[in-house]
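Q: structure for this input, please:
(chains A and B)
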Protein chains: 2
Amino acid sequence: MSIDSPEKYLEEIFHSQIPITREMGIRVAAYSGISLSLRAPLAPNVNDKGTAFGGSLYGVLVLAGWGLLHLKLQEEGIAADVMIHECNVTYSLPVADDWEAYCSLPDDGGYARFLASLRAGGRGKIRLEARILKGGRAAVSFSGRYAAVIRTASGSVPSPPPTFPAG
Amino acid sequence: MSIDSPEKYLEEIFHSQIPITREMGIRVAAYSGISLSLRAPLAPNVNDKGTAFGGSLYGVLVLAGWGLLHLKLQEEGIAADVMIHECNVTYSLPVADDWEAYCSLPDDGGYARFLASLRAGGRGKIRLEARILKGGRAAVSFSGRYAAVIRTASGSVPSPPPTFPAG
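A: Sure thing, here's the model as predicted:
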């Protein structure tokens, strides 16, 4: 497994463990430690109107949140499964080109509460917002509540979290 | 274009105009005139936990509503683009096998209002509910608001709506 960078590591997770992401052409664009952006091309995700299929736009948004939590938990040394539990999506503008979905940790203390709950009781929930922008405006807005559950020895125990080199 | 049945016709629309539906293996299972069910296999849509990827579950749900409206508008002889505008999704149980998503027209008069608005002003909105069931319980629930806009002569004018043989 490539661990040259968190971006390459996460992209390999997507492509090997969620294979439809390969067909969708999803790439990991950038990870800052508090935010993640993913890219997808229009061509494999096009719809009957020549714009991006709403299901593909959603797929990249839900994975922006999932991927951000996956990387954060790796950094924290926590082996947990992350799942989307509930979400709301608003499509405001059609997306007629390749696109990028952006998700960042909330600044309301939600991440600290999520981590504390996960460490104390093995479970945590967190709400994340993600966006696809077009000319500075939100073309698609996503608000999702994710759940994480610590993996037990009887469950699927992962290999130790990788350590990313600095820079 | 195969017009042997509305199911085959819609499946061909999906696979030719929304190509990621081929990669997802989406099939049109049944259309009753007021409801539509779609099927998808687990294998191409699997996630890191060995269950169905939330983005794929969503894709089949959003297309169940879209496909139902597409067939109804063909029957009405209305050439319109249908788009998802806003939705809420709740994942209650993991889906660990092939699945079916089911959507039916609302019984609150919403479809009649949608048609009347579309015919009077060229635009209509309608809320549709779709479900993925597992052992009689809703594994995933979707509530989406769709918009339809009549195609104008300057837009992409479709071929005449096909007429489905009876039975």
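Q: how about the most centrally placed residue in chain A: what's its closest non-neighbour residue?
A: Ranked by distance to the mean C-alpha position of chain A (C-alpha atoms, centre = their mean), the top residue is A:Ala64 at 2.5 Å. Nearest in space to A:Ala64, with sequence neighbours left out and distances taken as C-beta to C-beta, 6 or more residues apart in numbering or on different chains, is A:Cys103 at 3.8 Å. For the C-beta atoms, the positions are set from N, CA and C on the backbone; glycine is no exception.
Q: the one you found: how many residues sit nearby?
A: Other residues within reach of A:Cys103, judged by other C-beta atoms under 10 Å in any protein chain shown, total 25.
Q: what's the answer for the one 5 residues further on, then?
A: Neighbour count for A:Asp108, taken as other C-beta under 10 Å: 9.
Q: secondary structure class of the residue nearest to A:Ala64, three-state.
A: Following DSSP: H, G, I helix; E, B strand; the rest coil, A:Cys103 is assigned to strand.
Q: who's it bridged to?
A: Beta bridges link A:Cys103 to A:Leu36, A:Ala130, judged by DSSP bridges.
Q: check contacts around it.
A: With contact set as C-beta atoms under 8 Å, 6 or more residues apart in numbering or on different chains, A:Cys103 has these partners: A:35-37, A:61, A:64-65, A:67-68, A:128-131.
Q: quick check: buried residues in the lengthiest helix in chain A?
A: Longest helix in chain A by number of residues, with DSSP state H as the criterion: helix A:54-76. Under the neighbour-count criterion of 16 or more other C-beta atoms under 10 Å in any protein chain shown, helix A:54-76 has A:54-74 buried.
Q: tell me the mean pLDDT over that helix?
A: Across helix A:54-76, the average pLDDT comes to 98.
Q: tell me the pLDDT at A:Gly135?
A: A:Gly135 is given a pLDDT of 88.
Q: direction included, what does the longest strand seen in chain A pair up with?
A: Counting residues, the longest strand found in chain A (DSSP state E) is strand A:137-150. If you go by DSSP bridges, strand A:137-150 pairs up with strand A:80-91 (antiparallel), strand A:123-134 (antiparallel).
Q: can you tell me which residues contact the residue nearest to the centre of chain A?
A: A:Ala64 makes contact with A:36-38, A:101-103, A:130, A:142, according to C-beta under 8 Å, 6+ apart.
Q: repeat for A:Gly55
A: By C-beta under 8 Å, 6+ apart, the contact set of A:Gly55 is B:20, B:55, B:58-60, B:62-63.
Q: and which of those residues is nearest to A:Gly50?
A: Distance to A:Gly50 across these (C-beta to C-beta) is lowest for B:Ile20, with 14.2 Å.
Q: that closest one touches A:Ile26, doesn't it?
A: No. Under the criterion of C-beta atoms under 8 Å, B:Ile20 makes no contact with A:Ile26, lying 11.4 Å away.
Q: looking at the two, which one has more neighbours?
A: Between B:Ile20 and A:Ile26, A:Ile26 has the larger neighbour count (other C-beta under 10 Å), namely 27 against 24.
Q: and the gap between the closest residue to the more buried one other than its chain neighbours and A:Ile13?
A: Closest residue to A:Ile26 apart from its sequence neighbours, by C-beta to C-beta, 6+ apart: A:Ala40 at 5.2 Å. Using C-beta to C-beta, to the nearest Å, A:Ala40 is found at 16 Å from A:Ile13.
Q: who's more crowded, the two?
A: Using other C-beta under 10 Å as the criterion, A:Ala40 and A:Ile13 rank with A:Ala40 on top: 25 against 19.
Q: what does chain A put close to chain B?
A: Selection of chain A residues close to chain B by C-beta under 8 Å from any C-beta of the partner chain yields A:13, A:17-20, A:23-24, A:44-49, A:53-56, A:58-60, A:62-63, A:81, A:83-91, A:94, A:156.
Q: let's see 7 Å
A: Residues of chain A lying near chain B by C-beta under 7 Å from any C-beta of the partner chain: A:13, A:17-20, A:23-24, A:44-49, A:53-56, A:58-59, A:62-63, A:81, A:84-91.
Q: still on that earlier bit, contacting residues around the residue nearest to A:Ile26?
A: Residues in contact with A:Ala40 (C-beta atoms under 7 Å, 6 or more residues apart in numbering or on different chains) are A:24-26, A:56, A:60, A:98-99.
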